[in-house]
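Asker: The sequence and its predicted three-dimensional model are supplied below.
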Amino acid sequence: MAGRRRPVSAATEANVTATVVRLKLSLLRNGLRQSAGRRAAYVASAVVTLLFAVGQVLGLVLLRGTAHADALVVLLVAVLGLGWAVMPLFFPGGDETLDPTRLVMLPLRPRPLVRALLAASLVGIGPLFTVCLFAGSVITVARGAAAYVVGVVAVVLALLVCVALARAVAAANIRLLTSRRGRDLAVLSGLVVAVGAQVVNFGAQRLGSAGLGQLDPVADVLRWVPPASALGAVHSVSEGAYGTAAGQLALSGVVLAALIAVWARHLTRLMTSPDGSTLHGAESAGRERSSTRLGRLLPGGRTGTVMERSLRYVWRDPKTKAAWVTSLAIGLIVPVFNALQGTGSVYFACFAAGMLGLQMYNQFGQDTSAFWMVAMTISSTRDAYVELRARALALLMITLPYATLVTVLTTALLGDWARLPEALGLSFALLGAMLATGAWTSARFPYSIPQEGYKNVAPGQVGLAWISIFGGMAAGALLCAPVIVAAVWLHTGPDATAGRGWPLLPAGAVHGAALAYAGLRLAAPRTAARLPEILTAVSKA
């Protein structure tokens, strides 16, 4: 009949799958042909990944027979599955086939397209690495021929769950991944890796001191969470619990079917709905109008305008946002993790003030070539001073409460409340010193920040960046010397007691405010006199 849909044959589906797999291989091959540097980077990353996989497999094999090794394996598989889920959000450009909208003009139906993309997802270093870890996990926990047979099924099932999970997440968020916010996520990927490394390091230290037995409560839950449930079935068969193993494998199969169904539904909507790139104009305009509410909370005149512009840079510009989030995270991780490990000190909280104070450096670099508009509004030293002061005030709106929060949190974790006033005083003094040196170096050593890629300094200006940052940090530490000397004297003098540091809180705050004021005053005439040089320096990217 004319209106009846023609069924898709198995041969046609196989042809679609083979074509998409060949397309994946062609994309990989053509990408490597672009440059020798790209080929070298790919080969080096592949070698490092495979060596790491081999090391992990050997480590898992050596754990065979160790008490509670099954708990570690289940946790490892669960973390690997989580990595597959979040990887498309932070590395959307790593696989061109993650964007199904590129296939929207082709006459493809959802079911064969899902099978083809699922097969293409199994091509690459990531799936090979995952298979290696799953195979090592099976060797660690399997006991008997039946367990190894179930292990083969478990490895395939767990791998398919990971791949389907990544595809479903990518399809559900493809509009986000191809937008400005998606690029922001990609820029922040390095931070995620850094924070994850700190968490893994902290967890490894805890396991080294307390043993693997403390993983059992978490593993008991994760054994029923795919893809870890598939590997949990191997351990269940080894223990003779065949019914439990069947339930765990069935659960993984049900979750795999559900993920594929969700993925297919998102694919159908993406392939049949309009792009909608122009449908959100009214919503964007509404957001623009609502953003002016911030302006009502800020001072009037040039100060409020510059503060609002600086805060919008923090929220909208990917490089500025990445720098801020990195400073906020590391400024919290270093003192808090050291406190949790029992090796910290309340003075480590000053690290937050130092990291956040670095955001005052190279203030004009974030403007790039658009700095000419700022330069046109500066006709005197007074204008330059107001411009720098407003940028410093915008920075203080975030850094001052955050540095206070980190200091209080670190003190609470250590229980050393007697040292809280002097720790706050030192943080405030350091923050003021960083504002002072940051304003001066912004005028004296400006450099350009590339808007594309991961580099934060334009070629040929790396020396300027090093001088600006490390020279300013050294000068900031010297400017805080009076407060540091006073803190040392209070704890080493003849009348040293734990509760005598409270005068350092107002003294540090006043000292920091005086340093910031003096630094802004010294930087203002230099800024007004070097506007052409600053514009040239920040426009090189």
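Answerer: Cool, the structure landed. Numbering: from 1, shown residues only.
Asker: ranges for the helices of the stretch 151-300 of the chain?
Answerer: 174-177, 180-187, 189-210, 216-222, 228-238, 242-272, 281-297 (DSSP state H, counting those that start in this stretch).
Asker: go on, the stretch 301-450 of the chain?
Answerer: With DSSP H, counting those that start in this stretch as the criterion, the stretch 301-450 of the chain has helices spanning 301-316, 318-340, 350-357, 371-376, 381-414, 420-444.
Asker: which helices and strands sit right next to the fifth one?
Answerer: What it means is helix 381-414. If contacts are counted by 3 or more C-beta pairs under 8 Å, 6 or more residues apart in numbering; DSSP states H and E, helix 381-414 sits against helix 301-316, helix 318-340, helix 350-357, helix 420-444, helix 504-529. Bear in mind the C-beta positions are built from the backbone N, C-alpha and C, glycine included.
Asker: In contact with Ala119: list those residues for me.
Answerer: Taking C-beta atoms under 8 Å, 6 or more residues apart in numbering, we find Ala119 in contact with 17, 20-21.
Asker: 6 Å instead, please
Answerer: Taking C-beta atoms under 6 Å, 6 or more residues apart in numbering, we find Ala119 in contact with 17, 21.
Asker: Show me what counts as buried in whichever strand or helix holds it.
Answerer: Per DSSP states H and E, Ala119 falls inside helix 110-121. The neighbour-count check on helix 110-121 (16 or more other C-beta atoms under 10 Å) flags 110, 112-121 as buried.
Asker: Equivalent analysis for stretch 139-146, please.
Answerer: 139-142.
Asker: where does the stretch 251-400 of the chain have low pLDDT?
Answerer: Along the stretch 251-400 of the chain, the parts satisfying pLDDT under 70 run over 271, 273-295.
Asker: what do you get if the cut-off is 90, keeping everything else the same?
Answerer: For the stretch 251-400 of the chain, the stretches with pLDDT under 90 are 262-305, 308-359, 362-363, 365-371.
Asker: one step back: nearest to Val57 among the buried residues of helix 110-121?
Answerer: For the buried residues of helix 110-121, the closest approach to Val57 (C-beta to C-beta) belongs to Ser121, at 22.0 Å.
Asker: Let me know the pLDDT of the residue nearest to the closest one when sequence neighbours are not counted.
Answerer: Leaving aside its chain neighbours, Ser121 sits nearest to Val163 (4.4 Å; criterion: C-beta to C-beta, 6 or more residues apart in numbering). We have a pLDDT of 91 for Val163.
Asker: Just give the number of residues close to Val163.
Answerer: 23 (other C-beta atoms under 10 Å).
Asker: Likewise for the one 5 residues further on?
Answerer: By other C-beta under 10 Å, 22 other residues sit near Ala168.
Asker: Tell me who's in contact with the closest residue to it other than its chain neighbours.
Answerer: Spatial nearest neighbour of Ala168, chain neighbours left out: Trp263 (4.2 Å); criterion: C-beta to C-beta, 6+ apart. Applying C-beta under 6 Å, 6+ apart to Trp263 gives the contacts 167-168, 171.
Asker: which element is Trp466 on?
Answerer: Using DSSP H and E, Trp466 falls in helix 462-466.
Asker: what packs against the next helix-or-strand element following that helix?
Answerer: Using DSSP H and E, the helix or strand that follows helix 462-466 towards the C-terminus is helix 472-479. When contacts are defined as 3 or more C-beta pairs under 6 Å, 6 or more residues apart in numbering; DSSP states H and E, helix 472-479 packs onto helix 420-444.
Asker: ok, back up a step: can you tell me which of the helices of the stretch 301-450 of the chain comes nearest to Ala85?
Answerer: Nearest to Ala85 among the helices of the stretch 301-450 of the chain is helix 318-340 (20.6 Å), distances taken as C-beta to C-beta.
Asker: export that closest one as PDB, just CAs?
Answerer: Output of helix 318-340 as PDB, limited to C-alpha atoms (Å, rounded to 0.1, in the frame of the first residue of the first chain):
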ATOM      1  CA  PRO A 318      34.800  31.400  29.400                       C
ATOM      2  CA  LYS A 319      38.500  32.200  30.200                       C
ATOM      3  CA  THR A 320      37.600  34.500  33.100                       C
ATOM      4  CA  LYS A 321      35.000  32.100  34.400                       C
ATOM      5  CA  ALA A 322      37.500  29.200  34.300                       C
ATOM      6  CA  ALA A 323      40.100  31.300  36.100                       C
ATOM      7  CA  TRP A 324      37.700  32.200  38.800                       C
ATOM      8  CA  VAL A 325      36.200  28.800  39.300                       C
ATOM      9  CA  THR A 326      39.700  27.300  39.500                       C
ATOM     10  CA  SER A 327      40.800  29.800  42.100                       C
ATOM     11  CA  LEU A 328      37.700  29.300  44.200                       C
ATOM     12  CA  ALA A 329      38.000  25.500  44.100                       C
ATOM     13  CA  ILE A 330      41.700  25.300  44.700                       C
ATOM     14  CA  GLY A 331      41.500  28.000  47.400                       C
ATOM     15  CA  LEU A 332      39.000  25.700  49.200                       C
ATOM     16  CA  ILE A 333      40.600  22.300  48.500                       C
ATOM     17  CA  VAL A 334      44.100  23.000  49.800                       C
ATOM     18  CA  PRO A 335      43.200  24.100  53.300                       C
ATOM     19  CA  VAL A 336      40.100  21.900  53.800                       C
ATOM     20  CA  PHE A 337      41.800  18.700  52.500                       C
ATOM     21  CA  ASN A 338      44.800  19.300  54.600                       C
ATOM     22  CA  ALA A 339      42.600  19.900  57.600                       C
ATOM     23  CA  LEU A 340      40.700  16.600  56.900                       C
END
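Asker: Can you give me the pLDDT of Arg38?
Answerer: pLDDT at Arg38 comes out at 65.
Asker: next one: the helix holding Ala119 to chain centre, how far?
Answerer: On the basis of C-alpha atoms, centre = their mean, to the nearest Å, helix 110-121 sits 30 Å off its chain's mean C-alpha point.
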